[in-house]
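>>> can you look at this prediction? I've put the sequence above it.
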Amino acid sequence: MAHAAPRSRGAIEPGRTTTPDVFDARTHRAAKVVIPVLIGLVYGYWAAGNRRDAGPITGWNLLFGFLTALVFAVVLMALLAVAPTLRREAHAVVWGAFCGIAVGFLFSQ
């Protein structure tokens, strides 16, 4: 017996493989750049803070933080572009290596 309630616009139909998309293509393109940059800035701030070790903020410390943020964001964007094309095992290894290297670098500071 079928349910008589009206269906919402975004309802997922049986056999449909994709979920409804809330944002348009322009927003997704911007998010592919903005989100890694923001995460990179947080990571760079964290690395610079670890290296500073409660000392004074210097120009070299700021440079280190911005370079760290830049490298992290570029590697993250590259990984987000390449990882979906990899097989499951390689995908897991690449993400595991990236996370391990990122945390290890912070720990080494």
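Everything's here; your move.
>>> any low-confidence regions in this protein?
The chain contains residues with pLDDT under 70 at 1-20.
>>> V22 in helix, strand or coil?
coil (DSSP: H, G, I helix; E, B strand; the rest coil).
>>> mind checking the SS state of the residue most central in space within the chain?
Nearest to the mean C-alpha position of the chain, counting by C-alpha atoms, centre = their mean, stands P36 at 4.9 Å. When classified by three-state DSSP, P36 comes out as helix.
>>> look up how far I57 lies from it.
25 Å (C-beta to C-beta, to the nearest Å). Placement of C-beta: from N, CA and C, glycine included.
>>> same thing with G100?
29 Å.
>>> ok, F107 next?
Using C-beta to C-beta, we find F107 at a distance of 21 Å from I57.
>>> can I assume N61 is in contact with N50?
No. The criterion here is C-beta atoms under 8 Å, and N61 misses it with N50 at 10.4 Å.
>>> who has more neighbours out of F107 and I57?
I57 (11 against 8; other C-beta atoms under 10 Å).
>>> which stretch of helix or strand covers the more buried one?
Remark: I57 resides in no helix or strand, with elements defined by DSSP states H and E.
>>> for the residue nearest to the centre of the chain, give me its contacts.
Counting by C-beta atoms under 8 Å, 6 or more residues apart in numbering, P36 touches A73, L76, M77, L80.
>>> out of those, who's the most crowded?
The most crowded member of those, judged by other C-beta under 10 Å, is A73 (20 neighbours).
>>> so where does it fall, helix or strand?
Element membership for A73 (DSSP H and E) is helix 59-82.
>>> run through who's touching that helix.
Counting by C-beta under 8 Å, 6+ apart, 32-33, 36-37, 39-41, 43-45, 47-48, 51-52, 94-95, 98, 102, 105 sit against helix 59-82.
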